[in-house]
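Visitor: next one to model:
(one chain, ligands or ions: 4)
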Amino acid sequence: MSQSIQFSTPSHTPHLIHLPQSRFLQRPLSSFSFRRFPLTTTKYTSIRASSSQSPSPDLDSSSASQVLLSPNGTGAVKSDERSVVATAVTTDTAAIEVDSVTEAELKENGFRSTRRTKLICTIGPATCGFEQLEALAVGGMNVARLNMCHGTRDWHRDVIRSVRRLNEEKGFAVAIMMDTEGSEIHMGDLGGEASAKAEDGEIWTFTVRSFDASRPERTISVSYDGFAEDVRVGDELLVDGGMVRFEVIEKIGPDVKCLCTDPGLLLPRANLTFWRDGSLVRERNAMLPTISSKDWLDIDFGIAEGVDFIAVSFVKSAEVINHLKSYLAARSRGGEIGVIAKIESIDSLTNLEEIILASDGAMVARGDLGAQIPLEQVPAAQQRIVQVCRALNKPVIVASQLLESMIEYPTPTRAEVADVSEAVRQRSDALMLSGESAMGQFPDKALSVLRTVSLRIERWWREEKRHESVPLQAIGSTFSDKISEEICNSAAKMANNLGVDAVFVYTKNGHMASLVSRCRPDCPIFAFTTTTSVRRRLNLQWGLIPFRLSFSEDMESNLNRTFSLLKARGMIKSGDLVIAVSDMLQSIQVMNVP
Ligand SMILES: Nc1ncnc2c1ncn2[C@@H]1O[C@H](COP(=O)(O)OP(=O)(O)OP(=O)(O)O)[C@@H](O)[C@H]1O
Ligand SMILES: CC(=O)C(=O)O
Ligand SMILES: [K+]
Ligand SMILES: [Mg+2]
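Guide: Ligands and ions are numbered 1, 2, ... in the order given. Now for the predicted structure:
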C-alpha cells in the first residue's frame with residue numbers, strides 16, 4: 001500500500017514531476033496544487049528517472065558497491081570512500097553508511113525508541129586517547145568539541161585524526177567542533193599546574209607580566225594588556241563567573257593586588273570578569289576583537305584539518321559571523337564548515353536574532369553567560385535562545401555545568417538531572433559536556449547519564465502524546481524554500497497523526513532534513529545524504545539518523561534500494577510505515593515497507 005501527495009500541475013503532466021527543482025519552481029503559485037494519489041494507483045508509474053540525471057560528484061561507484069561489516073558483526077560500515085576491506089551484503093550496487101551503535105540500537109529497540117537529543121563531548125586529557133574516544137562514540141557522542149583555549153595545535157591535530165580514524169575504521173560519523181579561544185580576559189596557564197587553591201583572606205597578585213620560569217607564589221598572569229590600567233581599587237574580580245572572588249585593593253604598575261573574598265580552586269586559563277558597583281565592567285570588551293589573531297591561525301588550522309564546525313566565542317554581532325563565513329567560503333570548499341555562534345555575552349543577547357540568523361547554529365554557553373548576567377536570568381535566556389533557534393531553523397546546543405559534580409563523583413546530583421531534563425524538554429538539539437568529559441574522573445558515566453536522561457524524557461513526552469502544538473513561523477524566503485518547508489511541516493504532522501515508524505528524507509545539502517528535524521516529529525528521521533561531510537554535520541541535529549547513501553533523482557528506485565539495504569541489515573522490516581520526502585521531488589509519500 002502506498003499513497004503520496006505531490007506538488008504538480010493540475011493537468012498532471014508526468015514529466016513535470018521530475019523536472020529539476022529550479023525549473024519546476026519557476027511556475028506561478030496558482031499552478032500548484034496538492035494531489036492525492038488514489039490508493040490503488042501505483043504512484044511511481046508517472047515518475048521516471050531523467051536520463052540526464054547525474055550522480056553527485058562525490059559518488060564513487062567502486063566504493064558505492066561496498067559495505068563494511070564491523071568486527072563484532074553489528075555492521076559498522078566505512079565512512080570514507082578510500083577504505084578497502086569490504087563485504088557486500090546485498091546484490092544491490094549501492095552502499096549505505098550508518099554507524100554500528102545506531103544500527104545495533106535500531107535492531108534491538110526498534111526505531112521508535114532511538115535517542116533524538118544529540119550529545120557533544122569536550123575532549124581533554126581524560127578522553128584524548130583512541131580507546132577513550134571510541135568509548136565515547138560507543139556511548140553516544142555525536143560531536144567532539146575541541147576548546148582552543150587549551151592544548152597545542154599538535155595535541156588538537158592528534159585528536160582530530162583519531163576521531164577521523166574512528167569514523168573510517170568503525171563507521172561512526174562523529175563531527176568535530178573547534179571552539180575558538182576568543183580574546184576575553186583570562187588567567188594564564190598556572191605554569192603547568194593543574195589547579196591552585198585560593199584561601200579566604202589571602203592576597204594574590206594579578207599581573208600582565210608573563211613568567212619565563214616557574215610561577216611566583218600567589219601570582220596569576222592575565223591575558224589582557226590593558227588589565228592593570230582598566231581595573232580600579234574596589235572592583236570585584238570574578239574567576240569563572242564567581243567560582244572564586246577577589247577584591248582589588250592596590251595597583252602597582254603592571255601588578256594588581258587582590259584580596260580573596262570567596263575561596264576556591266583556580267583552574268588554568270580560567271575566565272576573568274570584573275564588576276564595579278554591582279555591574280559588569282564592559283567597556284573593555286568593545287576594544288577586544290571577537291576573533292583574535294591567534295583565533296585566525298586556529299581557524300586556518302581547523303580548515304586544514306577539515307573540522308565540521310567552528311564555534312565562535314563571545315560573539316557580539318552578526319557582522320563577525322558573516323565575516324567568518326565569507327572567509328570560510330573562500331578558503332574551504334564552499335560551505336563545508338558550519339559556524340556556531342556562542343551566546344555568552346550581554347551583546348550577544350542584545351543582538352540575538354541577527355546573530356542566529358547569520359549563523360549555522362548557536363550554543364547557550366552558560367558558563368560565561370552566567371558571569372555576564374545575573375545567574376537567575378540564565379534560565380530565561382536559555383529558553384529564549386532555544387526558541388529563537390527553533391524559529392529560525394538553526395541547531396541549538398545547551399552547554400556548561402550540566403553534570404558539573406560528575407567531574408569528581410560517579411553520580412549526578414538530582415538538580416543536575418533536572419537541568420538536563422529541562423534542556424531535553426525544551427527540545428534543544430544537543431547537550432554538551434565540558435570539564436566532565438575533558439578532565440573529569442567519569443567521562444563515560446557522565447555521557448551515559450546524558451543518554452539515559454534524554455531517552456527517558458523523550459519517551460515521557462511521546463507517552464504523554466505531547467505533539468508540538470506551537471505553530472512554526474514561516475522562514476523560507478524563496479518560493480522553493482517555502483514549498484520545502486510546507487512539505488516538511490505536513491510530513492511531520494502526518495507522521496504524528498498516522499503514528500508512522502519513521503520519516504525518510506533524501507537530501508543532498510541537508511536542508512530538507514533540518515526542516516523535518518525542526519518540526520520535532522514523534523518518530524525518528526532517517527536522513528539519507530550523498531556525502532560524508534553532510535552526514536557528519538547532520539549529526540548535530542535533533543532526531544536525525546544520518547546515513548550516507550548514493551541516490552538518484554528517481555525516488556522509486558531510491559526507496560526500493562533503501563528498503564532492500566535496510567531490510568538486509570535488519571534495520572527495518574516489512575510492514576513498517578514510512579513517510580518519505582526529498583529535496584529532488586516536491587512530494588510526500590506514505591508507504592508500508594514491502
Ligand atoms: N584540550 C584541553 N587540555 C587540557 N584541559 C582541557 C582541555 N579542554 C578542556 N580542558 C579542561 O576542562 C575544563 C572545562 O573545559 P571547557 O573547554 O568546557 O571550558 P569552558 O570554560 O567551559 O569553555 P570556554 O573556555 O569556551 O568558555 C577546562 O577548564 C580545562 O581545565
Ligand atoms: C561553553 C562555554 O564557552 C561557556 O559556557 O562559557
Ligand atoms: K573557548
Ligand atoms: Mg565560554
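Visitor: for residue 502, phi and psi?
Guide: Per-residue torsions, residue 502: phi -160, psi 150 (degrees, to the nearest 10).
Visitor: right, and residue 95 touches residue 549 too?
Guide: Yes - the pair residue 95 and residue 549 qualifies as a contact (CB atoms under 8 Å) at a distance of 7.4 Å. In short, each C-beta sits where N, CA and C put it, glycine included.
Visitor: number of nearby residues for residue 422?
Guide: Neighbour count of residue 422, defined by other CB atoms under 10 Å: 15.
Visitor: just to be sure, it is in a helix?
Guide: Yes - counting by DSSP: H, G, I helix; E, B strand; the rest coil, residue 422 falls inside a helix.
Visitor: once you drop chain neighbours, what's closest to residue 271?
Guide: Among residues not flanking residue 271 along the chain, residue 186 sits closest, at 5.1 Å (CB to CB, 6 or more residues apart in numbering).
Visitor: so for the closest residue to ligand 4 within the chain, what pLDDT did the model give?
Guide: Residue of the chain nearest ligand 4, by CB to the ion: residue 368 (3.6 Å). As predicted, residue 368 sits at a pLDDT of 90.
Visitor: quick one: it is in a strand?
Guide: No - assigned with three-state DSSP, residue 368 falls outside any strand and is helix.
Visitor: tell me who's in contact with it.
Guide: Going by CB atoms under 8 Å, 6 or more residues apart in numbering, residue 368 touches 184, 241, 271, 313, 314, 344, 345.
Visitor: narrow those residues to those in strands?
Guide: Among those, none falls in strands (DSSP state E).
Visitor: let's see if you can find the most crowded of those residues.
Guide: Highest neighbour count within the contacts of residue 368: residue 344, with 29 neighbours (other CB under 10 Å).
Visitor: my guess is that one contacts residue 362. True?
Guide: No - counting by CB under 8 Å, residue 344 stays clear of residue 362, with 10.4 Å between them.
Visitor: who touches both of those two?
Guide: In contact with both residue 344 and residue 362: no residue, using CB under 8 Å, 6+ apart.
Visitor: re earlier: quick check: the residue of the chain closest to ligand 4 vs residue 207, distance?
Guide: Applying CB to CB, to the nearest Å, the value for residue 368 to residue 207 is 23 Å.
Visitor: again with residue 260
Guide: Applying CB to CB, the value for residue 260 to residue 207 is 16 Å.
Visitor: cool, and residue 349?
Guide: 32 Å.
Visitor: ditto for residue 508
Guide: Computed with CB to CB, the distance linking residue 508 and residue 207 is 54 Å.
Visitor: now residue 267
Guide: Per CB to CB, residue 267 is found 18 Å from residue 207.
Visitor: what about the helices in the stretch 401-550 of the chain?
Guide: Along the stretch 401-550 of the chain, counting by DSSP state H, counting those that start in this stretch, helices occupy 414-425, 435-438, 443-463, 479-498, 511-518, 532-538.
Visitor: now for the fifth one, which elements pack on it?
Guide: Secondary-structure packing of helix 511-518 (3 or more CB pairs under 8 Å, 6 or more residues apart in numbering; DSSP states H and E): helix 479-498, strand 502-506, strand 525-529, strand 544-549, strand 577-582.
Visitor: how about the residues of this protein that lie near ligand 1?
Guide: Residues of the chain lying close to ligand 1 by CB under 6 Å from any ligand atom are 122, 124-125, 147, 149-151, 179, 267-268, 313, 367-368, 400, 434-435, 438-439.
Visitor: mind running it again at 8 Å?
Guide: Contact residues (CB under 8 Å from any ligand atom) of the chain with ligand 1: 122-125, 128, 145-147, 149-151, 155-156, 159, 179, 181-182, 186, 194, 240, 267-271, 311, 313, 342, 344, 365, 367-368, 399-400, 432-435, 438-439.
Visitor: give me the subset of the residues you listed that also touch ligand 3.
Guide: Counting by CB under 5 Å from the ion, 147, 149, 179, 313 from those sit close to ligand 3.
Visitor: turn these into a markdown table, including pLDDT.
Guide: Converted to a markdown table, these look like this (pLDDT from 0 to 100):
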| residue | pLDDT |
| --- | --- |
| 147 | 97 |
| 149 | 91 |
| 179 | 98 |
| 313 | 96 |
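Visitor: what about stretch 316-329 and ligand 2, touching?
Guide: No - Stretch 316-329 stays clear of ligand 2 (CB under 8 Å from any ligand atom), getting no nearer than 14.6 Å.
Visitor: for that stretch, give me every contacting residue.
Guide: With CB under 8 Å, 6+ apart as the criterion, stretch 316-329 contacts 285, 290-291, 299, 303, 310, 312, 315, 335-337, 339, 341, 345, 347-348, 351, 354-355, 357-359.
Visitor: which among those end up buried?
Guide: Buried members of the contacts of stretch 316-329, scored by 16 or more other CB atoms under 10 Å, are 285, 290-291, 299, 303, 310, 312, 315, 336-337, 339, 341, 345, 347-348, 351, 355, 358-359.
Visitor: in the sheet, who's paired with the spatially most distant residue from the centre of the chain?
Guide: Relative to the centre of the chain, the most outlying C-alpha is that of residue 252, 45.8 Å out, by CA atoms, centre = their mean. On the basis of DSSP bridges, residue 252 is bridged to residue 255.
Visitor: mind listing what the residue in the stretch 201-350 of the chain positioned nearest to ligand 3 touches?
Guide: The nearest approach of the stretch 201-350 of the chain to ligand 3 comes at residue 313, 4.5 Å away (CB to the ion). Applying CB under 8 Å, 6+ apart to residue 313 gives the contacts 179, 180, 181, 182, 184, 290, 342, 344, 365, 368.
Visitor: how about 7 Å then?
Guide: Contact partners of residue 313, counting by CB atoms under 7 Å, 6 or more residues apart in numbering, are 179, 180, 181, 182, 342, 344.
Visitor: ok, which of the residues you listed also contact ligand 4?
Guide: For ligand 4, the contacts drawn from these by CB under 5 Å from the ion are residue 344.
Visitor: by neighbour count, which of the contacts of residue 313 wins?
Guide: residue 344 (29 neighbours).
Visitor: so it touches residue 365, yeah?
Guide: Yes - counting by CB atoms under 7 Å, residue 344 touches residue 365, with 3.7 Å between them.
Visitor: which residues of the chain score low on pLDDT?
Guide: By pLDDT under 70, the low-scoring segments of the chain are 1-2, 6-94, 109, 283-286, 334-335, 465-470.
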